Structures are given as C-alpha cells and as structure tokens.
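>>> For reference, the sequence and a predicted model appear below.
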Protein chains: 2
Amino acid sequence: MLRTHTCGELRAEQVGQSVTLCGWVDTYRDHGGGLFVDLRDRYGLTQVVFNPPDSSAEVIEASKSLRSEYVIAVEGTVAERPTGMANTKLATGAVEVRVNRFRLLNKSLTPPVSPRGKESSGKESRGQESRGQESSGQASSDQELSGQELPSEDLRLKHRYLDLRRGKMQKTLILRDRLIKQMRDYFAEHDFLDIETPVLGRSTPEGARDYLVPSRVHPGSFYALPQSPQLYKQILMIAGYDRYVQVARCFRDEDLRADRQPEFTQLDLEMSFVDADDIMNLLDGLVARLAKQVRGIDLQTPLPRLTYAEAMDRFGHDAPDLRFGLELVDCTDLAAEADFRVFSSVANSGGKVRCINAKRGMRHYSRRGIDALTKFVGDYGAKGLAWFRVEEDGKLNSTIAKNFSPELLAQFAQRLEAQPGDLLLFVADRWEVTCKALHALRTKLGQEMKLYDPDAMHFSWVVEFPMFEYDNEAQRWTAMHHPFTAPLTEDLPLLETDPGQCRAQAYDLVVNGCEAGGGTIRIHDATTQQKVFTLLGIHEQTAQERFGFLLEALQYGAPPHGGIALGIDRLVMLFGKLENIRDAIAFPKTQKAADLMTEAPGEVDEQQLQELNIRIRSSD
Amino acid sequence: MLRTHTCGELRAEQVGQSVTLCGWVDTYRDHGGGLFVDLRDRYGLTQVVFNPPDSSAEVIEASKSLRSEYVIAVEGTVAERPTGMANTKLATGAVEVRVNRFRLLNKSLTPPVSPRGKESSGKESRGQESRGQESSGQASSDQELSGQELPSEDLRLKHRYLDLRRGKMQKTLILRDRLIKQMRDYFAEHDFLDIETPVLGRSTPEGARDYLVPSRVHPGSFYALPQSPQLYKQILMIAGYDRYVQVARCFRDEDLRADRQPEFTQLDLEMSFVDADDIMNLLDGLVARLAKQVRGIDLQTPLPRLTYAEAMDRFGHDAPDLRFGLELVDCTDLAAEADFRVFSSVANSGGKVRCINAKRGMRHYSRRGIDALTKFVGDYGAKGLAWFRVEEDGKLNSTIAKNFSPELLAQFAQRLEAQPGDLLLFVADRWEVTCKALHALRTKLGQEMKLYDPDAMHFSWVVEFPMFEYDNEAQRWTAMHHPFTAPLTEDLPLLETDPGQCRAQAYDLVVNGCEAGGGTIRIHDATTQQKVFTLLGIHEQTAQERFGFLLEALQYGAPPHGGIALGIDRLVMLFGKLENIRDAIAFPKTQKAADLMTEAPGEVDEQQLQELNIRIRSSD
C-alpha cells in the first residue's frame, strides 16, 4: 500500500509514529510560514502540517502549489495538536501529521461540483462515522467552494465522480452497502441459497413495458430484460431449492415518476412449504435487524398486521402511515339523518360520509387554512370539505351547524371522540373518492401538524388484498398483484361465484406510508392457475406462449410456495431519509432515462444494427 | 411452516417425537403390507414408513397411490430403524418416521429427466453434505428411472426444473452460493464497499460485440449491456470510494465456445493507493480462504508468481498448468550444431528448437503412440516432432540419432537431464509455433501420463505481461489487456521508443492451467492515457466519444488505482470439477445463446417494435 494508515485512523496513541497518508486536499490554509491541509479519504480527515522544523524550506515551498482536490501522499510524524487546538468533532482531531516529505500523486482542475457542497434544504447531518469534514471549523482559502449550495442536479449527474465525493452521497452508498450486507447475512443464516437468474430472458408483456435486446444469432427474435425474477424463482421452488434469495436487478421501460428508475434493485426471495405468516415472520426478523443495525431503532415484532379492508376503513389507503393517528371514521349512518343535503343525499345513495378528527387542529387551521384544505381535497376529486370546530364547551360549531339537530351533533361528537380544540373534517362522496381524498388529507395534516418524529420508522403489514380489480375500461378483471397469486383457501369457491370478493394470500410491507415491498403465496397447482388465467382473460394459447414452461413445471410436483420482493432503492431512501431516489443509487438515470455522465443511451454504428438485423424507423 | 423438520434433520435423539416432514417421494417400495418411502428435500432424505399399527388401513391404502416426485406432508413419530436396518451412509439413516397421517400436496407426471439421473462419466461423487440418495441401497419400484444415464443436454435444459433436482446440480449451486458468500464476506472484512453499477450503459465497441437495447424515449439511440464495469469502477476510485467490489453480471455477444456464455458473472473489484503486489497479496488471502472453506485444501501463500517471459520460456503459455513439471527446454544452441537440417536450418534462421523431456515416457508411448503425438502437434502448426528415447545405458536413441555426434547427444542428454526411460520430444519452428505446439503437447502428456491428482488445485500469478501485441493484419498495436492499463514505471520511456518491449502492471490468476481472472494497475493521469490511446490508434475524437467522461474525470484528482476481475462461472467449474460451464449456472444459455426452457429469445409484438422505433430487416 502507498499508505500506512487511512485519513480516519490516527489517534493520540500513534503520537510519535512515522506514517504515510494518501488522500485529497480537502481544505488548505496558508499561515504564511507554512501550510495546514485537511487531508481527506473515505475514512476521514486528518490535519497535515507543512511547517518548520519538520518540513524543510523546499517542502514548504513545494506545498504552496497544492490546491483543493489535489491527490498527495505525505510522510511525517504523528504529533499531538498544540494545546487548545484539538478538534473534538473530528475522530482524528487530537493529532496532526507533521510532514517531512510529500509526493504529488495527481493534480485537479477546479471542480464544477464541490465535494463540500451541501443540499440547500440543510437537512444533511453527519454522524461520527462519516468523514466529518464539516468539523474542520476553520476558514478555508477555498471559501468560494466550501459548504456552498449544490449546483443543478444535471451538473451533478454529469460529473458524478465529483458529486459522489460529497459526504452525504458517500454516507448513502455506505448505508446501501450495509443494508444489503445485512440482508444477505440474514438470509444465509436462514438457509437461503443466493441463486442468480438470467438478465437475458423472454418478453412476457404482462404489466409494464419490457426493455428488449435484439438477438444477432436468431434474427428477428428478442430477449427481454426481467421486470422481476418471478417465474425463475417459482421454477427454483419446483426444482426443490426450498429457499431462494437474490439481490436482483430489474428493469421497466416506463415513463419515470420521481421515485422510479428504469433499472432498479430488489431483494427477491421465495420459500417452499410455507404460508403467508411464515414469510411475514421471517421478514419481521430482517426488518428488526436492519432498523437496529442501520438506524439504532428497536422495533417491536411481530410487526402490526392489518387487512386491506381494515386499512381502507381506517386510513383510506393500502399503505397507511402509522406514525400517527387521525384515523378515518365512517359517519354515513349519522349523516343520513342530517337535514343537510350534501350529507343526506350521499348517505342515502350508497355513498359514504367519512371524517377525520384533526385532534387539536383548531390551533393549526384558521378559516383560511380550512379553505386551503378544501381546495387540496378538491385535487383528489372531493367536491367539498365539511367541517366543524369543537368549542370550549364541547359543542360542534360550523357555518353548516344550523342544519343539524343538537342531538345529532352530540352523536357526531361522541362517535368522533371530539374534544375542545379539535377540528372535524368530512368528505361525502363515493367510497373510492372518500378514500383517496381523506388519505391525502390525513397525510397532509400529519405533516403540517408535525404529528410524528421525522426520524421514526414505522413498519407494518397489510394483508388479504383482493385477488382482482375490475377494469371498467377494458371490461375485465385484472390481477391486483400478479396472475400467480393464490387465493385464500376459504375464498377458493368465490373464484367461480364472486371473483371481486375473493381475497389473495398477499402481504405488503409498509414503511411510513410507503409500500416497501410485497409478496404472495403462489398457486402451486396447474388447475387453479388455469382458472385464474381464464378469469383474467388470458386465453389458454396466450398463457401457453407466455408461461407454458411454468404451467408445465407445475405438473411435475410443485410444492406449496410463496415469496416477496422488497425495493432496495426505496429502502435506502427510507433508511437514509432521502427525498430523491436518484440519491440512493451510485449511477442513476434521469427522468428521461439518460445517464448524463456516459451519455447513454447513444448512437451506434450502422454495422452493429446490421448484425442485429434491425434498422431504425425513419421519423415519418 | 408446513413442516416441523427438514428431511435432513432427524437423528436418534428425536426418537419418540411427533414430527411433520414435507418433500418429494424419491423412491418407494411396496412391501405388501405397507409402503416405504424415501422422502426428499434439499436437506436430505428420510425414510417414512406406512405400516400398521402406526398407519391405519385407510392411510396405507391411500399411500399406495403415491408415485415418484409426488409432493407430500407426513405426520408421524420418529422411530429407531429395526436392528440391522440402519443406513450408515445416510445422515438420517438411524431413524425412520412411522406415518400416522399424510397429505398429498401435489402430484407429478412421470418426469422426462430423472432427478436421480447420473452423468455417464461416473465422475459424480457426493460428500456428507449432499443429500445422498445414492445410499438408499434398496431396490426401487422406479428401477427404470433410478440412477439411469442422463438424457440429452437439450432435454435437460428444456426441463431445467427437473434437471436442477439432481444431486450434482444441487451441490453445484450450493457450492456457487458458498463461494460467492465467502468472497463477499472477505471483501467486507477488508473495508470494501459493494456498489452496484448500471446494466443499461453506453456502447463502447472496443473488444467484443455489445448487446444493445433500443431506447424508446430517445428514438434511434441505444443502451449497451456492460462487458464489464471497468469504466464505472475507475470512476468510483476517482470519486474516492477507495475499495469497491461487486459480483457483477456482464454480457458479450460473441459466438459461444464451450466455456463461454452470453451473460456471465464476475467478481469485480478496484482499490486506490495500491500497486500490483497489494492486489495480489489481497487475492492470495481470498484464494486461500476459498480453497480451505470450499475444498478443504491448504494453500501456501504468497501464491507463486512468475513473469510472462518466464511462463512462456518454461511452459510456452501464459496460463501454465503448474500441477506437474515437464518444462520446455531451449536447445536452439545445441540444435544449431547438429547435422540435421530440420534442427540446424531453424536454429540458424532465428527459429527455436525446444524440447520436453517426458520423464519415464517410454513406458507410456510406443512408436505408434509417438506417431499420434506427432499428428497432435501438427494440429498446432508444428511441422514435425523429433524424438529420442533414453536407453538403459543413458544413450539417446532415435531414427534420427545418426545425424548427431555422440558428443552432441551427450550435451543434449545433459541439458535435458535425461534418465533411462525418458522420452525427449522436440519441436523446431518459429518461437510462437514452438510455444503453441509444446504447450498443447505438455498438457496432453500431463493428462495421459496422469502426472497430477485431478483433485489438486494449483494457483499462481503470471505478471508483467506485454502492454501491446502487434496485429499484423491491421498493422497496428492492440492492447493485451485493455487501453487503461498502466505500464511498469521503469518501462514508461519504451512507450515512445519500443512499445513492443513495454511491460504492463498486469497480473493474471491461473488455476490448473486456466486463466481464472486478471487485472491491472490503471493509468491515473490523462497524459499517459492519451499517449496509450494514440499508440493504439484510438484517435482523440474517438477516445472522447467513447471514454470522454473518464478522460475528463482523470483531470479532477484521480488517485493511483488498480483492480481485478475473476470469472465466477469459471471458478465454480474449477472448484466443482465440472466439465461444462452450463453446469455451473442455474439457467444457462445454449451455445446458440438460447434458453430452451423459456424459449428466449422469442418473437415480440409489432407494437413493441414501433414503440422502440425499430423494425426488423427483411431477409433479402
């Protein structure tokens, strides 16, 4: 090694030792007589000093040409910092290296993206383990670069090698490494086998759009990049591998939303001879370990489990944020009795009147504030937001209060456990609209009223999803998860009689109101599988073309099995408290699916296209 | 879990316990009164018995419908096997489960590929850890399937879910899992970060052919699948990550040889502030650990290191098999003096006369045997094979001996350390031909004369490769490794004066005569990088187009760095003693790059092609 120690390693115990450090000039301060440099590497910062008598006049002279981001190797002696100069915020802050000799390993142009740049939100925080250059605490001659706000994301992505030098990015990639290592260790301890499935697969245009790869050897044929290893992992169960896990790269050629990437990484696993509880129990252990190891959070297990029906009833959403209350309360029966057409007409025509009691909300929302909330729920399809304040005497008050009898108001107050200062917010509409609008409203109230610790992580399971959703446009049933999902055993007869009521052996892992992953127990007999395909309007021939090998495999002794996939990019965001999925990935693509650093995708030679037997369509 | 124990778990200590096992009917034997089943899962085999009084008449009757590969769950009591019936070859062989109840979980058609099929070579061996169904030791009613030879590889690949049930395949995938786990643990212990690099990248048509992925969002543009993460890992070093590792999927659209796959997995790593020795030392530790943990072999480290020049001199090849001797000996100077035109003309016109002394070879090769060897070296371009036997009296004897003076023959004998019974085999030709022919001959002699233990693993390093090879056809220099490889510091001036003599900071890991991986120290300054590009005839504009971002990144403080990549599929073959790379992979492609199970590549919809803005060329 060109060094004897890293820049994060020296302590008072090494005082007097001769050492060699290598790293980047993070900041430098010319004190006339000599130079102080904070030397940086992945492991930390160490102050290195070019001063007489340790450094000769020649060395000091040469050191004056050093600039930020130059790469050097310094030889010198570890010394205690002068009294009062120790930097307690820095792990190496008790010592400095007095330089005898140094070697310039490489120069640097002035970086257009500063390694010391900070997110403008000011949310960046560094623990003991991060390299902590924020703690140098001294003025830098690079003042214009130090701690400045970040340039545009495009510029950062173009110069990703500089952006990745920032402490926050480094911390994120270290977090990602640790999360994945913990996952792999956990499953290895539980007898899982890590088995690689192909990236060059077959196109099965179910769900999202595939990325295609033209075959040179088979002209006119294409591979597809996998949207998930779903079929392969089922095959592995049929092959008797019992427990499979993989950190798998998956691909979807979709128009990207803020939290989507064309290629993404999932923790993918499958088990045989299990039911849904077994998989959730196993994952509980993983989640508790990750929370403890990565964030120091003690989770209670088993994690809370609620059914889809319960989640929709209480929160209006299948991935509820359980860090705070403000549950939805159904008041349709009471509303039916009101002399208030907005309520009674909805209540009497099959709609729902549901309420959130924003506890102590009066202090947060003035009339104007409530107007803003009304406009907000309008964006989610609600035609209005009825409200009551709860006065000091416990009475409900509102511009619409005159339409309700005192007795009825008292019943509302009782149902909603109204206390003085509370704000009651009602949406009356079709069930779907009340879910959507009140879920959005609840999320907003939670944020605005600061009802939870932003550092908290709340994990839960939502189970027993419906098997099917009816697609009104296409006039057919679609699979809520995917067509290999098994129904609850007791709901099997409903496949024939009432598919809409048929529940699936499905489970989603929910973290802070985000779906972090989901899984199902699979169908393991060909007959049920065929029945579900028929229900989904997947004709036998189509099924054979797309999944024929799976249907065939099911006939050769398929065990009961199920699995789950967790989105690793999403988990890194959640554990790292990131706001942008691109910050969770070393080399992400933009929302236009481009890599700004390598300029991918790019043009290719005509000869390459000829070999692949394809041509580009002319634009007309 | 649907089971209380696996089929590999029960021992005498559990006798008397009530248990539930799940698994596949491996073999079954109807004894009239009842049924004996070997129940199989990934963990082993357990004998389960359907016999009175434990099993009721109904249970026994129902059990008679069981067939091979049916999946069942059995409830019963663990019992000692009757005296003399214990199976000591089976981990569970002391006990059996006497069945009270069972449940048929799934049926199976008669499998076209038997899970009990064996490779015809008979090389299959199973250790304690494998599931050991070979040891049931009793006649099976499935005699026609049991232990039969394997069907064609195509049939096995089509029904991969059945082929993967075979003990040998299972053992291989478990070996693969363990190798990779050991690698990951080792590098985590050495402060490496596991960082994922993109699969959708940019086409840089250097070397092999890229797989391309048309972009929908950018019509006419293409992504390329990576041939290696080379550029990204260098970027990570420039970004200061210091130590990177990844088990990376890589892709090459090449016509496949027996040991190549279109997608393959490599252990990919890169380190900063190191020289070649640091990387080899680190890898020595890994290799020693793998050999110990996976094969129980104690390796001496540091592993032997020989230069490219030495490897070519002594073995005629840059990946020599060091499990045995039979080194090449240069006799050009002696040959020049012979009155034998075949030798003297070659020796006097710049060619080489080199010899292998096949120690004690006379007992292996008759005249006819030597004729076969002569034909064999002819396939490698040698015009002939001159030979001498060493007689009892130590004299060299041959049909050509009359052309040599006794003194010269004595000099040959001395140089070649000839002993009675030895066989001396000479090739006289251009240096390249002598290397190629004698390397092939040496390999053949080693096999045929059984000069090494086939279980032995010999690891070594070959270092100091030439930077460049001259491509006579294209009349230009090409990079022996890749264009980012750094020259030896002392050879830097040769870049300008004599590129052919310039040696690289390169190192290949060689196992049993196979290159298992290779790496280099990289160029870390833009000037040298540009110089090498120029030498390779990569024009500045081309370099900018292909690697512009790397050249730019090198200007922002690139540290000295280097790395290596090991072929994991190849290592699995070597550690698992496999003869076919497809057996090292769960779901391999054929030599025509097809997946016979999923039938990939396949046709896609016209609409998909339209969206991707491409069309298939008509065949004319």
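Perfect, thanks for sending it.
>>> Distance from stretch A:365-379 to the middle of the chain?
Per Cα atoms, centre = their mean, to the nearest Å, the displacement of stretch A:365-379 from the mean C-alpha position of its chain is 29 Å.
>>> Could you pull out the strands in the stretch 51-200 of chain A for me?
Assigned by DSSP state E, counting those that start in this stretch, the stretch 51-200 of chain A shows strands spanning A:71-80, A:95-106, A:193-194.
>>> Could you dump those into JSON lines with mean pLDDT, mean neighbour count and distance to residue B:537 added?
To be clear about C-beta, it is placed using only N, CA and C from the backbone, and glycine gets the same treatment. Conversion of the strands of the stretch 51-200 of chain A to JSON lines gives the following (pLDDT from 0 to 100; neighbours: other Cβ atoms under 10 Å in any protein chain shown; distance: least, Cβ to Cβ, whole Å):
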{"stretch": "strand A:71-80", "mean pLDDT": "98", "mean neighbour count": "20", "distance to residue B:537": "30"}
{"stretch": "strand A:95-106", "mean pLDDT": "97", "mean neighbour count": "20", "distance to residue B:537": "26"}
{"stretch": "strand A:193-194", "mean pLDDT": "98", "mean neighbour count": "21", "distance to residue B:537": "43"}
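>>> Give me the contact status of the longest helix seen in chain A with chain B.
Counting residues, the longest helix found in chain A (DSSP state H) is helix A:167-189. Yes - Helix A:167-189 lies within reach of chain B by Cβ under 8 Å from any Cβ of the partner chain, at A:170, A:173, A:174, A:176, A:177, A:180, A:181, A:184, A:188.
>>> next one: that helix to chain centre, how far?
Counting by Cα atoms, centre = their mean, helix A:167-189 is centred 14 Å from the centre of its parent chain.
>>> What is it packed up against?
With contacts defined as 3 or more Cβ pairs under 8 Å, 6 or more residues apart in numbering or on different chains; DSSP states H and E, the packing partners of helix A:167-189 are strand A:193-194, strand A:243-251, strand A:263-272, helix A:276-295, helix A:568-576, helix B:167-189, strand B:193-194.
>>> Average pLDDT for the helix or strand that the fourth one is followed by, rounded please.
Downstream of helix A:276-295, the first helix or strand assigned by DSSP states H and E is strand A:305-307. Confidence over strand A:305-307 (mean pLDDT, whole number) is 97.
>>> for chain B, what are the nearby residues on the stretch 501-620 of chain A?
Of all the residues in the stretch 501-620 of chain A, those lying near chain B are A:524-525, A:549, A:553, A:555-560, A:585-587, A:589, A:592-595, A:597-605, A:608, A:610-617, A:619, going by Cβ under 8 Å from any Cβ.
>>> Out of the residues of helix A:167-189 next to chain B, which comes closest to chain B?
Of all those, chain B sits closest to residue A:177, with 4.6 Å by Cβ to the nearest Cβ.
>>> neighbours around that closest one, how many?
When neighbours are defined as other Cβ atoms under 10 Å in any protein chain shown, residue A:177 has 20 of them.
>>> isn't residue A:499 right up against residue A:477?
Yes - using Cβ atoms under 8 Å, residue A:499 and residue A:477 qualify as a contacting pair, with a distance of 5.8 Å.
>>> Verify the assumption that residue A:402 is located in a strand.
No - with the criterion set as DSSP: H, G, I helix; E, B strand; the rest coil, the secondary structure at residue A:402 is helix rather than a strand.
>>> Now do the shared contacts for residue A:499 and residue A:477.
In terms of Cβ atoms under 8 Å, 6 or more residues apart in numbering or on different chains, residue A:499 and residue A:477 are both contacted by the residues A:468, A:535.
>>> Run through the stretch 101-250 of chain A and note the low-pLDDT ranges.
A:119-148, A:205-206 (pLDDT under 70).
>>> Now residue A:496: which helix or strand?
helix A:494-497.
>>> after that helix, next one along is what?
On the C-terminal side of helix A:494-497, the nearest following helix or strand under DSSP H and E is strand A:506-511.
>>> So what's the residue count around whichever residue of the stretch 301-450 of chain A sits closest to chain B?
For the stretch 301-450 of chain A, the residue closest to chain B is residue A:302, as judged by Cβ to the nearest Cβ, at 15.5 Å. Per other Cβ under 10 Å, the neighbour tally for residue A:302 reads 14.
>>> cool, residue A:17 as well?
15.
>>> Could you report the pLDDT at the residue of the stretch 301-450 of chain A closest to chain B?
Note on residue A:302: pLDDT of 97.
>>> And for it, nearest residue in space, chain neighbours not counted?
residue A:284 (5.2 Å; Cβ to Cβ, 6 or more residues apart in numbering or on different chains).
>>> residues touching that neighbour, list them.
Remark: with contacts taken as Cβ under 8 Å, 6+ apart, residue A:284 is in contact with A:301, A:302, A:303.
>>> Tally up the residues packed near residue A:476, please.
In terms of burial, residue A:476 registers 13 neighbours under the definition other Cβ under 10 Å.
>>> isn't it right next to residue A:537, touching?
Yes - under the contact definition of Cβ under 8 Å, residue A:476 touches residue A:537, with a separation of 4.7 Å.
>>> got any residues that touch both of the two?
With contacts defined as Cβ under 8 Å, 6+ apart, no residue is adjacent to both residue A:476 and residue A:537.
>>> circling back to that earlier point, now do the same contact list for the residue of the stretch 301-450 of chain A closest to chain B.
Taking Cβ under 8 Å, 6+ apart as the definition, contacts of residue A:302 comprise A:280, A:281, A:284.
>>> And it, its phi and psi?
Dihedral angles phi and psi of residue A:302 (degrees, to the nearest 10) take the values phi -60, psi 150.
>>> Same question for residue A:150.
The phi/psi pair for residue A:150 (degrees, to the nearest 10) reads phi -70, psi 150.
>>> From chain B, how far off is it?
From residue A:150 across to chain B, the span is 16 Å (Cβ to the nearest Cβ, to the nearest Å).
>>> Ok, residue A:229 next?
Taking Cβ to the nearest Cβ as the criterion, residue A:229 is separated from chain B by 10 Å.
>>> Not counting sequence-adjacent ones, nearest residue to that residue?
Among residues not flanking residue A:229 along the chain, residue A:197 sits closest, at 4.1 Å (Cβ to Cβ, 6+ apart).
>>> Can stretch A:203-214 be said to contact chain B?
Yes - Stretch A:203-214 comes into contact with chain B (Cβ under 8 Å from any Cβ), by way of A:203, A:205, A:209, A:210, A:211, A:212, A:213, A:214.
>>> Might you specify the subset of those residues located within strands?
Cross-referencing these against strands under DSSP state E gives A:212, A:213, A:214.
>>> Is it possible to get JSON lines of the contacts of residue A:284 that adds distance to residue B:252?
What follows is the contacts of residue A:284, written out as JSON lines (distance: Cβ to Cβ, whole Å):
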{"residue": "A:301", "distance to residue B:252": "46"}
{"residue": "A:302", "distance to residue B:252": "47"}
{"residue": "A:303", "distance to residue B:252": "44"}
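>>> circling back: tell me the most buried of the helices and strands packed on helix A:167-189?
Among the helices and strands packed on helix A:167-189, ranked by average contacts under mean count of other Cβ atoms under 10 Å in any protein chain shown, first place goes to strand A:263-272 (a mean of 25).
>>> in its sheet, what does it sit against?
When pairs are called by DSSP bridges, strand A:263-272 turns out to pair with strand A:243-251 (antiparallel), strand A:561-567 (antiparallel).
>>> Dump the C-alpha coordinates for that strand into PDB.
Presented in PDB, the C-alpha positions along strand A:263-272 are these (Å, rounded to 0.1, in the frame of the first residue of the first chain):
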ATOM      1  CA  GLU A 263     -33.300  -0.300 -13.700                       C
ATOM      2  CA  PHE A 264     -33.900  -0.900 -10.000                       C
ATOM      3  CA  THR A 265     -32.700  -3.400  -7.400                       C
ATOM      4  CA  GLN A 266     -34.900  -5.700  -5.400                       C
ATOM      5  CA  LEU A 267     -34.400  -8.100  -2.600                       C
ATOM      6  CA  ASP A 268     -36.100 -11.100  -4.100                       C
ATOM      7  CA  LEU A 269     -36.900 -14.300  -2.200                       C
ATOM      8  CA  GLU A 270     -39.100 -17.400  -2.400                       C
ATOM      9  CA  MET A 271     -39.700 -20.300   0.100                       C
ATOM     10  CA  SER A 272     -41.400 -23.600  -0.100                       C
END
